[in-house]
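**Q** generate a structure from the sequence data that follows.
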Amino acid sequence: MSISLTNHTLEKLEFLLKELGFKVRFEKGNFKTGSCLIESSKIIVVNKFSNLESKINSLIDLIKTLDIDISSISEKQKAFYYSLKQTEITF
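**A** You can find the predicted model right below:
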């Protein structure tokens with residue numbers, strides 16, 4: 001599956017993560033990847049200086065690695081989550 005690299009997609013990713021109990025922050029960081037997860041606090045920090053493609057790809061990659069319970073989110077969000085799990089990320 002292919003995901004469009006638009007601001008709307010980035011907003012959908014942020015909303016999904018928010019529904020899953022994560023807080024997404026866009027900040028300056030000295031990390032090499034586009035985002036990082038602060039494990040104990042469920043905070044995801046995205047490098048605000050990364051380009052749109054990098055932000056989207058790093059959030060999708062992060063979502064694919066998280067062990068999360070999706071039982072509390074809407075069916076529409078579950079469908080989006082499952083589509084992300086099948087997305088091939090190319091950097």
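**Q** rest of the way, CA atoms for contacts and neighbours
**A** Will do.
**Q** list the contacts of the spatially most central residue of the chain.
**A** Taking Cα atoms, centre = their mean, the centroid of the chain lies closest to Leu59, which sits 2.8 Å from it. Going by Cα atoms under 8 Å, 6 or more residues apart in numbering, Leu59 touches Leu13, Gly34, Ser35.
**Q** name the nearest residue to the last one, sequence neighbours excluded.
**A** Same thing as Ser35. Leaving aside its chain neighbours, Ser35 sits nearest to Val46 (4.1 Å; criterion: Cα to Cα, 6 or more residues apart in numbering).
**Q** which element is the one you found on?
**A** Assessed by DSSP states H and E, Val46 sits inside strand 43-47.
**Q** export the helix or strand following that strand as CSV, just CAs?
**A** Downstream of strand 43-47, the next assigned helix or strand under DSSP H and E is helix 52-65. What follows is helix 52-65, C-alpha atoms only, in CSV (Å, rounded to 0.1, in the frame of the first residue of the first chain):
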residue,chain,number,x,y,z
LEU,A,52,7.4,16.1,5.4
GLU,A,53,8.3,12.7,3.9
SER,A,54,10.7,12.0,6.7
LYS,A,55,8.2,12.9,9.4
ILE,A,56,5.5,10.7,7.9
ASN,A,57,7.8,7.8,7.2
SER,A,58,9.3,7.9,10.7
LEU,A,59,5.9,8.0,12.4
ILE,A,60,4.7,5.0,10.3
ASP,A,61,7.9,3.1,11.1
LEU,A,62,7.4,3.9,14.8
ILE,A,63,3.7,2.8,14.7
LYS,A,64,4.7,-0.5,13.0
THR,A,65,7.1,-1.3,15.9
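**Q** farthest residue from the center of the chain?
**A** Distance from the C-alpha centroid of the chain, by Cα atoms, centre = their mean, peaks at Asn30 (18.9 Å).
**Q** which other helices and strands contact the helix or strand containing Glu11?
**A** Element membership for Glu11, per DSSP H and E: helix 7-19. Helix 7-19 makes packing contacts with strand 23-27, helix 52-65 when contacts are defined by 3 or more Cα pairs under 8 Å, 6 or more residues apart in numbering; DSSP states H and E.
**Q** perfect, I'm done here.
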